[in-house]
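Engineer: Below are the sequence and a predicted model for it; my questions follow.
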Amino acid sequence: MLTIKDANIINSEGRQIFLHGANLGGWLMMEGYILQGRNIPERIFKREFKKRWGQKELDRFAELYRNNFIQESDFKDISSSGFNCVRLPFNYRLLEEKNGLTILKNAVKLCKKYDIHCILDMHAAPGSQNEDWHADSEGKAELWASKKNQERFFRLWEILADEFNAESAVAGYDILNEPVIKSADAGKILRNFYIKAVKRIRDIDKNHIIFLEGNIWSQVLEHIGEPFADNLSYSVHFYHPLEFTFNLHKGLKYPGNIMGEYWDINRIRKRLEGYYSYSRKWNVPIFAGEFGVNSRCPGCYGELGWVKDTLKCFKEFGFHWTYWTYKAIGNSVFPDGIYRYLANPAWINRQGPVYGFENFYALWKGHKKEITESWKTPNFTKENQLLNLLARFSSF
């Protein structure tokens with residue numbers, strides 16, 4: 001069982017360990033751009049699919065997707081690539097399905113089989129913790145004002161804590177992805193929420209690390225404040241500058257002038273050193289749960305240089321990390337995968353007008369076998385330069 005001592009994560013032998021790996025994004029919570037689609041919430045996609053084909057076929061679709069997008073061979077690949085950790089994003093709705101908990105248990109078993117630490121990440125919470133698609137939101141963040149949704153959140157983590165409290169393959173619980181509270185008393189709201197959540201978990205599981213993400217998409221650690229329990233780690237996400245890493249403003253290069261600022265390793269270091277100072281102040285480790293860049297080509301615009309410099313700073317500051325993300329359908333915006341699907345069959349249809357996973361609505365019955373096959377990682381292209389770079393920084 002991993003624990004925290006003097007801002008370090010240590011194993012059962014008392015040896016310091018650095019967590020480094022990848023996110024299994026888009027698997028247990030579908031995201032539009034990862035499947036070359038519009039960023040509509042998962043629940044809208046499933047609602048529309050159900051209208052076309054009914055609940056039984058939706059259940060079959062979900063089963064096929066989960067069994068093919070990530071398979072046992074992927075866990076083996078992650079381990080053989082030198083990684084020791086996966087962050088496992090999931091939609092809270094998974095836990096309210098008949099076999100949802102079993103799916104998480106099987107993923108943890110595969111982590112254990114291949115000697116990988118697993119961080120369970122509730123990527124979408126009841127009511128949604130922010131207004132974005134990746135919180136499965138239709139434009140509102142209703143977690144914060146709803147006691148009912150908060151109680152559902154606490155109860156689901158109690159279920160997970162009860163299930164995994166003795167499981168050493170689980171490094172810990174990333175209890176809430178990218179909360180966003182914009183009110184003047186945001187710090188008070190978030191801190192009190194975390195205090196309640198941690199207490200509910202600790203009443204059942206006194207063993208595992210609990211990762212707490214800062215406010216405003218995991219940026220503002222000050223809204224968590226001083227640690228209020230043992231075995232806490234604070235978590236940040238790093239995609240700066242967004243115009244470059246997300247490829248929102250075309251043609252930007254790194255290092256270089258990006259939206260009025262010169263970005264190089266010194267600028268990255270300056271951006272991250274505040275988190276390091278906060279780590280030293282409160283004696284907690286920092287986990288960079290997400291960082292990544294859109295791959296225009298293997299390094300044409302300095303993408304790999306940005307990754308390398310970010311990793312150098314993580315190493316300098318002693319941050320733990322998981323890259324976003326393991327695999328994605330190749331796209332022109334948002335951070336994509338170590339593995340990328342580059343083909344353009346009818347259900348991808350990059351030329352539009354309907355592109356990506358919304359094509360599943362019309363094409364599912366006629367192309368079910370081909371679509372399912374296309375989800376498997378052997379049909380994706382490995383970004384070897386990126387993988388080798390990440391692996392190189394996994395050895396310290």
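Structural biologist: Everything's here; your move. Note that this is a predicted model, so its numbers are computed, not measured.
Engineer: Check Ser395 and give its pLDDT.
Structural biologist: What the model reports as pLDDT for Ser395 is 69.
Engineer: Sorry, slip of the keys, the one I care about is Ala161.
Structural biologist: In this prediction Ala161 is given a pLDDT of 98.
Engineer: can you check the one 4 residues further on too?
Structural biologist: Reading off the per-residue confidence, Asn165 sits at a pLDDT of 97.
Engineer: Just say helix, strand or coil for the closest residue to it other than its chain neighbours.
Structural biologist: Nearest-residue entry for Asn165: Asp205, 3.8 Å, with adjacent residues in sequence omitted and distances by C-beta to C-beta, 6 or more residues apart in numbering. In short, each C-beta sits where N, CA and C put it, glycine included. Assigned by DSSP: H, G, I helix; E, B strand; the rest coil, the conformation of Asp205 is coil.
Engineer: how many other residues sit next to Asp205?
Structural biologist: Neighbour count of Asp205, defined by other C-beta atoms under 10 Å: 23.
Engineer: Also Leu389?
Structural biologist: 18.
Engineer: shouldn't it be in contact with Leu304?
Structural biologist: Yes - Leu389 is within contact range of Leu304, at 6.1 Å (criterion: C-beta atoms under 8 Å).
Engineer: ok so, going back, for the residue nearest to Asn165, which residues are in contact?
Structural biologist: 161-162, 164-165 (C-beta atoms under 8 Å, 6 or more residues apart in numbering).
Engineer: State the pair within those that is farthest apart.
Structural biologist: Spanning the widest gap among the contacts of Asp205 are Asp162 and Phe164, at 7.9 Å by C-beta to C-beta.
Engineer: if you count what's nearby, which of the two comes out ahead?
Structural biologist: Each of Asp162 and Phe164 has its neighbours counted (other C-beta under 10 Å); Phe164 has more, 23 against 11.
Engineer: Backbone dihedrals for that one, both of them.
Structural biologist: phi -110, psi 10 (degrees, to the nearest 10).
Engineer: measure it to Leu101 for me?
Structural biologist: Per C-beta to C-beta, to the nearest Å, Phe164 is found 10 Å from Leu101.
Engineer: next one: Ala107
Structural biologist: Counting by C-beta to C-beta - Ala107 and Leu101 are separated by 11 Å.
Engineer: More neighbours: the two, which one.
Structural biologist: Comparing Ala107 with Leu101 by neighbour count (other C-beta under 10 Å), the higher total belongs to Ala107, at 23 against 17.
Engineer: what's the closest non-adjacent residue to that one?
Structural biologist: Per C-beta to C-beta, 6+ apart, closest to Ala107 is Leu88, 6.0 Å.
Engineer: pLDDT on whichever helix or strand that neighbour is part of, on average?
Structural biologist: For Leu88, the host element (DSSP states H and E) is strand 85-91. Strand 85-91 comes out with an average pLDDT of 98.
Engineer: what does that strand rub up against?
Structural biologist: 19-25, 27-29, 42, 75, 78, 104, 107, 111, 116-124, 136, 171, 174, 177, 289-290, 320, 322, 326.
Engineer: Of these, grab the buried ones for PyMOL.
Structural biologist: Selection of the buried residues among the contacts of strand 85-91 in PyMOL, burial being defined by 16 or more other C-beta atoms under 10 Å:
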select buried, resi 19+20+21+22+23+24+25+27+28+29+42+75+78+104+107+111+116+117+118+119+120+121+122+123+124+136+171+174+177+289+290+320+322+326
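Engineer: quick one: which of the contacts of strand 85-91 sit in helices?
Structural biologist: Counting by DSSP state H, the contacts of strand 85-91 place 42, 75, 78, 104, 107, 111 in helices.
Engineer: Mind putting those into TSV with distance to Gly330 and pLDDT?
Structural biologist: Conversion of the ones in helices among the contacts of strand 85-91 to TSV gives the following (distance: C-beta to C-beta, whole Å; pLDDT from 0 to 100):
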residue	distance to Gly330	pLDDT
Glu42	21	98
Phe75	23	98
Ile78	20	98
Leu104	28	98
Ala107	25	98
Cys111	27	98
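Engineer: Return the member of these nearest to Gly366.
Structural biologist: Closest to Gly366, out of all of the ones in helices among the contacts of strand 85-91 and judged by C-beta to C-beta, is Glu42, at 23.3 Å.
Engineer: With adjacent residues omitted, what lies nearest to the closest one?
Structural biologist: Looking at Glu42 with C-beta to C-beta, 6+ apart, the closest residue is Met30, at 4.7 Å.
Engineer: My guess is the one you found contacts Tyr65. True?
Structural biologist: Yes - using C-beta under 8 Å, Met30 is in contact with Tyr65, at 7.5 Å.
Engineer: who has more neighbours, these two?
Structural biologist: Met30 (24 against 20).
Engineer: Contacts only, for the more buried one.
Structural biologist: Contacts of Met30 (C-beta under 8 Å, 6+ apart): 42, 45, 65, 357.
Engineer: out of those, which are inside helices?
Structural biologist: Those of the contacts of Met30 lying in helices (DSSP H): 42, 45, 65.
Engineer: No more questions from me, cheers.
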